[in-house]
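*Asks:* could you look at this predicted model? Sequence included:
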Amino acid sequence: MCEAELKKRWEIPYIWGRKQQDEWDKLSGFIYEIKKWEVLLEKVEEVSISKKINRQEFLNYCSNRWYNFMSAMALEKIFSDHPGVVAAHNEKNRLIDFYINGIGFDLKTSVFPANFKPGLITAQSKPEELIKWLYENQSSQQRKHLENRLFLIVYAKNGEHWKLKAELTWLAELVKNYVRGFQSKNLIELELQQGEITFSDIIWAVK
């Protein structure tokens with residue numbers, strides 16, 4: 001059901017139109033409680049009228065936040081359903097979503113960054129370069145940190161990368177294969193903070 005709801009969001013272009021900021025994050029806080037696309041549209045209409053803000057801009061903002069949040073929650077559940085993966089069970093812990101073989105990770109699903117100039121082929125052959133770039137260029141939102149992260153990078157050959165976040169059935173297969181083959185010795189180690197080792201890796205979702 002989640003995949004079907006996410007794909008309904010494809011009906012409008014993926015446009016932010018503005019940077020995320022506290023005021024609109026607060027106004028759109030309802031995105032965390034809504035599971036259905038139609039209900040989201042109704043709420044956007046209601047709030048944009050009551051707060052006298054531009055409906056289309058608010059719709060873009062809310063639909064992107066909702067889409068990314070719903071996809072992230074679904075992927076965390078997909079991970080946590082696998083043997084060997086344990087959910088963190090602490091919603092206030094923003095640094096760990098789950099543990100694989102006892103190692104805690106924050107899951108970060110991202111579109112392949114256009115500003116990473118070496119490009120996809122180089123990133124796939126030298127993932128440590130992209131991982132380091134991602135840590136250095138992460139946004140300064142609430143989840144910014146330098147702790148262990150597992151990146152799921154989506155890249156669509158037709159350029160519509162963002163749509164792959166809704167391809168949950170396909171992504172679940174990629175996750176299953178990753179978890180089955182997981183070996184801690186294969187993780188990439190980075191010293192992002194003096195004297196501390198950060199463990200990371202990339203799951204590639206290229207289609």
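*Replies:* Arrived safely, thanks for sending.
*Asks:* W162 reaches F112, doesn't it?
*Replies:* No - if you go by C-beta atoms under 8 Å, W162 and F112 don't touch, sitting 10.7 Å apart. In short, each C-beta sits where N, CA and C put it, glycine included.
*Asks:* overlap in contacts, the two.
*Replies:* V154 (C-beta atoms under 8 Å, 6 or more residues apart in numbering).
*Asks:* packing partners of the lowest-mean-pLDDT helix or strand in the chain?
*Replies:* Ranking every helix and strand in the chain by mean pLDDT, DSSP states H and E puts helix 22-27 at the bottom, with a mean of 91. Judged by 3 or more C-beta pairs under 8 Å, 6 or more residues apart in numbering; DSSP states H and E, the packing partners of helix 22-27 are helix 55-80.
*Asks:* which other residues reach the next helix or strand after the helix it packs on?
*Replies:* Scanning forward in sequence from helix 55-80 by DSSP states H and E, the next helix or strand is strand 85-87. Here strand 85-87 makes contact (C-beta under 8 Å, 6+ apart) with 76, 79-80, 97-100, 179.
*Asks:* I'd like the average pLDDT over whichever helix or strand comes after strand 85-87.
*Replies:* Counting by DSSP H and E, the next helix or strand C-terminal to strand 85-87 is strand 98-100. Mean pLDDT, strand 98-100: 95.
*Asks:* residues making contact with strand 98-100?
*Replies:* So strand 98-100 is in contact with 76, 79-80, 84-88, 104-105, 107, 150, 179, 182, going by C-beta under 8 Å, 6+ apart.
*Asks:* recalculate using a threshold of 6 Å.
*Replies:* 79-80, 85-88, 182 (C-beta atoms under 6 Å, 6 or more residues apart in numbering).
*Asks:* biggest strand in this protein by residues?
*Replies:* strand 196-206 (DSSP state E).
*Asks:* just the residues contacting it, thanks.
*Replies:* 127, 131, 146, 148-155, 164, 171, 174, 178, 187-190, 192.
*Asks:* filter these down to the buried ones.
*Replies:* 127, 131, 148-155, 164, 171, 174, 178, 187, 190 (16 or more other C-beta atoms under 10 Å).
*Asks:* just these: which are in strands?
*Replies:* 149-155, 190.
*Asks:* dump these to JSON lines, plus distance to S63 and pLDDT.
*Replies:* Shown next, in JSON lines, are these (distance: C-beta to C-beta, whole Å; pLDDT from 0 to 100):
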{"residue": "R149", "distance to S63": "26", "pLDDT": "96"}
{"residue": "L150", "distance to S63": "26", "pLDDT": "97"}
{"residue": "F151", "distance to S63": "24", "pLDDT": "97"}
{"residue": "L152", "distance to S63": "21", "pLDDT": "98"}
{"residue": "I153", "distance to S63": "22", "pLDDT": "98"}
{"residue": "V154", "distance to S63": "18", "pLDDT": "98"}
{"residue": "Y155", "distance to S63": "22", "pLDDT": "98"}
{"residue": "L190", "distance to S63": "34", "pLDDT": "96"}
